[in-house]
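S.K.: fold the following and give me the result.
(one chain, ligands or ions: 1)
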Amino acid sequence: MSELPRSADELPRTTDVLIVGAGPVGLTLAASLEARGVEVVLLDKAAEVAHTSRAAVIHARTLEVLGAIDVSDELVRRGVIVPRFTVRDRDRALLTIDFDGLPTRHPYTLMLPQNITEDVLTGRLDQLGGRVHRPFELARLEQDGDGVTATMVGDETVRALYVVGADGMHSAVRDQTAIGFAGDAYGQSFVLADVRLDWEFDEREVMLYFAPAGLVVVAPLPGDRHRIVATVDVAPEHPDRDHIQALIDARGPQKRPARVNDVVWSSRFRVHHRLADRYREGRIFLAGDAAHVHSPAGGQGMNTGIQDAVALGAGLANVLRDGAGERILDAYEAERRPVAADVVAFTHRMTRVATVNRPRVRRIRNATLRVLNRIPAVRRKMALNLPELAIDRRR
Ligand SMILES: Cc1cc2nc3c(=O)[nH]c(=O)nc-3n(C[C@H](O)[C@H](O)[C@H](O)COP(=O)(O)OP(=O)(O)OC[C@H]3O[C@@H](n4cnc5c(N)ncnc54)[C@H](O)[C@@H]3O)c2cc1C
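M.R.: Just a heads-up that it's a prediction; the model follows:
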C-alpha cells in the first residue's frame, strides 16, 4: 500500500511504478497497470493536457494491443477508417497498399487527432481509478538495490520500485540514466496542418505524393477535415492557408486540383531519427519518444510507443502481481528495441525515396514502384509491415 499524501493534490510518497510523462505512452502504460491491479503514480510537468492534433494515424497493431485496456472500440467510433494508402506522382498512382483482408480485427488505418486519442486514454484511466498528477517536473533519479527515489523540481520525492520514462524526446529520465540517444536530425522540417479542403478523391484513402520538392500527404480526419503533412527546407512557425495551398499545388494532383478553404490547426516540427542505446538501466525503463524518434512518414511514432507501453505494462504486472522473476523484464528491450530500429530505418528510407529529385533517379523509382505494385506478395508484405502487423507473426 502507498503512503497517503497530506492532501489529494500532493504526490503519493511511495508507489510500485512511477511513470514520468502523461502523453499517449504514459497514459497507456498507467491504464495497463491499473487494469492489472498494479499501484501506479503518473505525473506530468505540464499544468494541463495538450489540446493539439499532432500524430493522427493509429495502425491496426496498435488497435489490437489496445484491446487489452478496452479502448479500441471507442477509438474506432471516434476516428475515420481508412483501408488504403496510395503512393502517387501527381495524377498517377504508383503503388497501392490495401489493408483490406489483413489477418486482424482492424483491417485498416484509423485517422484520429492525438488529443482525442489522449482523451479516450485519459477517460479509461479515470474509469480504472487512475489519474495524472500535475504539474510535477522530474529533476533527479537515484536508484539502489530496493527501488528508485525520484525528486521533482519543487523537491517533492516519490519512492518507487520501478520508474518508466515516458517523457518524450527530451527525456529527463533518459538523461538521468545517461543512456545514449544516437542518431541525427533531418535537414528538412515537417509542416503539419489540419485543414478544410475541397477534395474530389476517395475519403477512404491516405495519399502520399512523392514530388521532387518533397513529400506531401493528404489524409482524411474526423469532422470533414484533412491532415496535410509535407517536408520543406524551411517551415514557417504557423503555416497558413497560402503556404499549404502552394505545397499541394506544386506537389499534389493537377487534373482535379484541391482547394484549401481554411486551416484549423497547423504546426511545424524538426524531425530526428534517434534510438536509445538501451531501454533499461536497473529499475528504470524508457518507452515511446524517450526511447525512439523518427520521421512521421508512415505515421508510426506514437504507434510504436503505445505498443512499447502495452508490452512493458504486461511485463511489470507479471513481476509485481503474478510473482514472475525480475529477469522477464529483460524481454522488454529484447522485444521492442528491434521493432523501433526497424521503424527508424524504414521511415528513413521512405523519406529519402519520397524526396528523390534527380529526374533520372525519379523515373527509375517510379518505374520500380509500378512494377512492385503488380506483385501481390510485395503489396501484402508492405500492408503487413506498415501497421506493424508483421511483428507478432514473425515470432
Ligand atoms: C507538432 C507535432 C506533430 C507531430 N505529428 C506527428 C505525426 O503526424 N505523426 C506521428 O507519428 N507523430 C507525430 N508527432 C510525434 C508524436 O506526437 C509522438 O510520437 C508522441 O506524442 C509520443 O508520445 P510519448 O507519450 O512518448 O511522448 P509525448 O507525447 O512527448 O509526452 C511526453 C510527456 O512527458 C512530459 N514531460 C516531459 N519531461 C518531463 C519531466 N521532466 N517531468 C514530468 N513530465 C515531463 C511532457 O509534458 C509530455 O506530456 C508529432 C509531434 C509534434 C510535437
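S.K.: centroid-nearest residue for the chain?
M.R.: residue 302 (0.8 Å; C-alpha atoms, centre = their mean).
S.K.: what ranges do the strands span in the stretch 251-395 of the chain?
M.R.: 259-276, 280-281, 284-286, 292-293 (DSSP state E, counting those that start in this stretch).
S.K.: any idea how far residue 383 is from the ligand?
M.R.: 18 Å (C-beta to the nearest ligand atom, to the nearest Å). (C-beta placed from N, C-alpha, C; glycine too.)
S.K.: before we move on, what about residue 92?
M.R.: From residue 92 to the ligand the distance is 25 Å (C-beta to the nearest ligand atom).
S.K.: residue in the stretch 201-350 of the chain nearest to the ligand?
M.R.: Here the residue of the stretch 201-350 of the chain nearest the ligand is residue 288; by C-beta to the nearest ligand atom that distance is 2.4 Å.
S.K.: from what I can see that residue touches residue 173, true?
M.R.: No: the criterion here is C-beta atoms under 8 Å, and residue 288 misses it with residue 173 at 11.0 Å.
S.K.: those two: who's more crowded?
M.R.: residue 288 (31 against 27; other C-beta atoms under 10 Å).
S.K.: near the ligand, which residues of the stretch 101-250 of the chain? Just list them.
M.R.: With C-beta under 6 Å from any ligand atom as the criterion, the stretch 101-250 of the chain comes near the ligand at residues 114, 137, 138, 166, 167, 168, 172, 192, 229.
S.K.: could you flag which of these are buried?
M.R.: Burial by neighbour count, 16 or more other C-beta atoms under 10 Å: within those this picks out 114, 138, 166, 167, 168, 172, 192, 229.
S.K.: isn't the third one right next to residue 33, touching?
M.R.: No: contact criterion C-beta under 8 Å: residue 166 and residue 33 do not qualify, at 11.9 Å.
S.K.: pLDDT score assigned to residue 388?
M.R.: With respect to pLDDT, residue 388 scores 66.
S.K.: pLDDT below threshold where in the stretch 1-150 of the chain?
M.R.: For the stretch 1-150 of the chain, the stretches with pLDDT under 70 are 1-9.
S.K.: closest residue of it to the ligand?
M.R.: Counting by C-beta to the nearest ligand atom, the stretch 1-150 of the chain gets nearest the ligand through residue 23, at 2.4 Å.
S.K.: what sits against that residue?
M.R.: 50, 118, 166, 168, 288, 289, 305 (C-beta atoms under 8 Å, 6 or more residues apart in numbering).
S.K.: for the protein, longest helix please?
M.R.: Counting residues, the longest helix in the chain under DSSP state H turns out to be helix 330-354.
S.K.: can you map out the helices along this structure?
M.R.: Under DSSP H, the chain gives helices at 24-35, 60-66, 72-78, 114-127, 172-177, 241-251, 301-320, 330-354, 359-373, 376-385, 390-393.
S.K.: return the most buried member of the ones you listed.
M.R.: Sort the helices of the chain by mean neighbour count, taking mean count of other C-beta atoms under 10 Å, and helix 24-35 sits at the top with a mean of 29.
S.K.: only alpha carbons, please: show that helix as PDB.
M.R.: Extracted in PDB, the C-alpha atoms of helix 24-35 (Å, rounded to 0.1, in the frame of the first residue of the first chain):
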ATOM      1  CA  PRO A  24      -0.200   8.700 -25.100                       C
ATOM      2  CA  VAL A  25       2.600   6.300 -23.900                       C
ATOM      3  CA  GLY A  26       2.400   7.200 -20.200                       C
ATOM      4  CA  LEU A  27      -1.400   7.100 -20.300                       C
ATOM      5  CA  THR A  28      -1.500   3.700 -22.000                       C
ATOM      6  CA  LEU A  29       1.100   2.300 -19.500                       C
ATOM      7  CA  ALA A  30      -0.800   3.700 -16.500                       C
ATOM      8  CA  ALA A  31      -4.100   2.200 -17.700                       C
ATOM      9  CA  SER A  32      -2.500  -1.100 -18.500                       C
ATOM     10  CA  LEU A  33      -1.000  -1.300 -15.000                       C
ATOM     11  CA  GLU A  34      -4.200  -0.100 -13.200                       C
ATOM     12  CA  ALA A  35      -6.200  -2.700 -15.200                       C
END
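S.K.: any idea how far the closest residue in space to residue 331 that isn't next to it in sequence is from residue 27?
M.R.: Among residues not flanking residue 331 along the chain, residue 315 sits closest, at 6.4 Å (C-beta to C-beta, 6 or more residues apart in numbering). In this view, residue 315 and residue 27 are 18 Å apart by C-beta to C-beta, to the nearest Å.
S.K.: residue 218 now?
M.R.: Counting by C-beta to C-beta, the gap from residue 218 to residue 27 is 29 Å.
S.K.: same question, residue 271
M.R.: 23 Å.
S.K.: just the closest residue of the stretch 51-200 of the chain to the ligand, please.
M.R.: For the stretch 51-200 of the chain, C-beta to the nearest ligand atom, closest residue to the ligand: residue 168, 2.9 Å.
S.K.: my guess is residue 277 contacts residue 179, does it?
M.R.: Yes: using C-beta under 8 Å as the test, residue 277 is close enough to residue 179 to be in contact (5.6 Å).
S.K.: of these two, who's got more company?
M.R.: Each of residue 277 and residue 179 has its neighbours counted (other C-beta under 10 Å); residue 179 has more, 20 against 12.
S.K.: who touches residue 185 in this structure?
M.R.: Residue 185 touches 270, 271, 272, counting by C-beta under 8 Å, 6+ apart.
S.K.: OK, contacts around the last one?
M.R.: With contacts defined as C-beta under 8 Å, 6+ apart, residue 272 is in contact with 169, 183, 184, 185, 186, 293, 294.
S.K.: which of these count as buried?
M.R.: By neighbour count, with 16+ other C-beta under 10 Å, those hold 186, 293, 294 as buried.
S.K.: quick one on the thing from earlier: with adjacent residues omitted, what lies nearest to the residue of the stretch 51-200 of the chain closest to the ligand?
M.R.: In this structure, residue 168 finds its nearest non-sequential neighbour in residue 289, 4.7 Å apart by C-beta to C-beta, 6+ apart.
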